[in-house]
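*Asks:* with the input below, show me the fold.
(one chain, ligands or ions: 1)
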Amino acid sequence: MTADQPRAALPLRPELAGLHPYGAPQLDVPVRLNVNENPYPPSPAVVDDIAAAVRTAAATLNRYPDRDFADLRADLAAYLLTESGVRLDPSQIWAANGSNEVMLHLLQAFGGPGRTAVSFAPTYSMYPEYARDTSTRWVTGRRAEDFSLDPAHAHDVIAEERPSVVLLASPNNPTGTALPLATVEAVLAAADEVPDGCVVVVDEAYGEFRRRGTPSALELLVDHPNLAVSRTMSKAFGLAGGRVGYLAAASELVDALRVVRLPYHLSAVTQAVARAALAHSEELMAQVGALRDERDDLVAWLRSKGLTVADSDANFVLFGVLDDPHAVWQGLLDRGVLIREVGPAGWLRVSVGTPQETAAFKAALVEVAGL
Ligand code: PMP
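*Replies:* Numbers count the residues shown, from 1 in each chain. So this is what the prediction gives:
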């Protein structure tokens, strides 16, 4: 090629033209309440055990890791039995680098060209990206005014669109809304009517934060071979940096995911870190209880200030309705508090932090919004 020959354009897929990578701003401010992380770093005991496990794993890093991560799957099944009372065989567990990757595997296996995935907005903004990246047609129904899902509407959308995948977040992001099991069952019944079959994914990334008495969709697995319940260690376990998500489903469904995964997708280091953290699940769950209480207090405080707040079963709260949410977001940021502009117009989302972080958020909000 000579200097004056034009360079060929990159052959980017047309549907990616002009798009930016997904992700909230990663700003270095004192109070970060924008991506629903657990505000508590791992305790010294957890750090020590993770370090020891990684040291052991390091000694064999010349070898590829266990491709099927049998030990991790057994540990995750044991954890789910304690957490939700649902007994699962390790062959019913799948894991990947964050639940984002778990759900991408689901779309790789069950979506694809000529197929449709359905969800109900407002919901997690990565879902359309899984669809886009697997060339799956993307359709959204809607949630009601109070962010609940009307089973009749869900049925109509599924009957009309005949999706091969339905994605339901429960508790939902950004609203915090958990779905009653009756609604999930109604969606499963509608999915059973889709002639070529339909997988229903219940994304319980925030499942551990659900209020007492709210059941997990894990309870429905026994009767539904087309149900997948996705979880993550990023939130309740405080392991967002470890990148471990997982799901529970019938072993036949898991076997389909094994076909699309890249070989050795879960590194030996990742497996070691996850197993070390899971060994501390009891103390970590006590911390989840404290975060739940902090969440309930925050909801009550925001309401006492005259704001509208969506009921939350998660570790974040969606509040509104603000005339100029961007100005409030910016005013908080100017005071060192980063929250998230996401979701329906007029609403903002704040993650539950430590008591000190929540106090900083409240003080800043009082100033900025003149509450
Ligand atoms: N599902 C929902 C509803 C989420 O909000 C998130 C993270 N924000 C995820 C899945 C993905 O989390 P991870 O990949 O860290 O497991």
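*Asks:* neighbours around the residue of the stretch 1-150 of the chain found nearest the ligand, how many?
*Replies:* Ranked by C-beta to the nearest ligand atom, the top residue of the stretch 1-150 of the chain for proximity to the ligand is Gly98, at 2.6 Å. The C-beta positions use only the backbone N, C-alpha and C, and glycine is treated the same way. Neighbour count for Gly98, taken as other C-beta atoms under 10 Å: 19.
*Asks:* again, but for Ala274
*Replies:* Ala274: 26 surrounding residues under other C-beta under 10 Å.
*Asks:* go on, the one 3 residues further on?
*Replies:* Using other C-beta under 10 Å, Ala277 has 23 other residues around it.
*Asks:* quick one, what contacts the closest residue to Thr354 other than its chain neighbours?
*Replies:* Leaving aside its sequence neighbours, Thr354 sits nearest to Pro39 (C-beta to C-beta, 6 or more residues apart in numbering; 4.7 Å). By C-beta atoms under 8 Å, 6 or more residues apart in numbering, the contact list for Pro39 reads Leu33, Leu291, Ser351, Val352, Gly353, Thr354, Glu357.
*Asks:* quickly find the element holding Pro39.
*Replies:* Following DSSP states H and E, one finds Pro39 outside all helices and strands.
*Asks:* can you check the one 10 residues further on too?
*Replies:* For Asp49, the host element (DSSP H and E) is helix 44-58.
*Asks:* state the mean pLDDT of whichever helix or strand comes after that helix.
*Replies:* Per DSSP H and E, the first helix or strand lying C-terminal to helix 44-58 is helix 70-84. Computed over helix 70-84, the mean pLDDT rounds to 97.
*Asks:* so Ser91 sits against Leu253, correct?
*Replies:* No: counting by C-beta atoms under 8 Å, Ser91 stays clear of Leu253, with 10.5 Å between them.
*Asks:* which of the two has more neighbours?
*Replies:* Using other C-beta under 10 Å, the more surrounded residue of Ser91 and Leu253 is Leu253, with 22 against 16.
*Asks:* the closest residue to that one other than its chain neighbours and Leu218: what is the separation?
*Replies:* Nearest residue to Leu253, sequence neighbours excluded (C-beta to C-beta, 6+ apart): Ala228, at 6.0 Å. For Ala228, the distance to Leu218 equals 11 Å [C-beta to C-beta, to the nearest Å].
*Asks:* next to the ligand, which bits of the stretch 1-150 of the chain? Give me the list.
*Replies:* Counting by C-beta under 6 Å from any ligand atom, the stretch 1-150 of the chain comes close to the ligand at Asn36, Gly98, Ser99, Asn100, Tyr124.
*Asks:* residues in contact with the fourth one?
*Replies:* Contact criterion C-beta under 8 Å, 6+ apart gives Met126, Tyr130, Gly245 as the residues in contact with Asn100.
*Asks:* mind checking what helix or strand follows the helix or strand hosting it in sequence?
*Replies:* If you go by DSSP H and E, Asn100 is part of helix 99-110. Counting by DSSP H and E, the next helix or strand C-terminal to helix 99-110 is strand 116-121.
*Asks:* now the helix or strand hosting Val366: buried residues?
*Replies:* Element membership of Val366 [criterion: DSSP H and E] is helix 355-369. Using 16 or more other C-beta atoms under 10 Å as the test for burial, helix 355-369 gives Glu357, Thr358, Ala360, Phe361, Lys362, Ala364, Leu365, Val368, Ala369.
*Asks:* I am finished for the moment; much appreciated.
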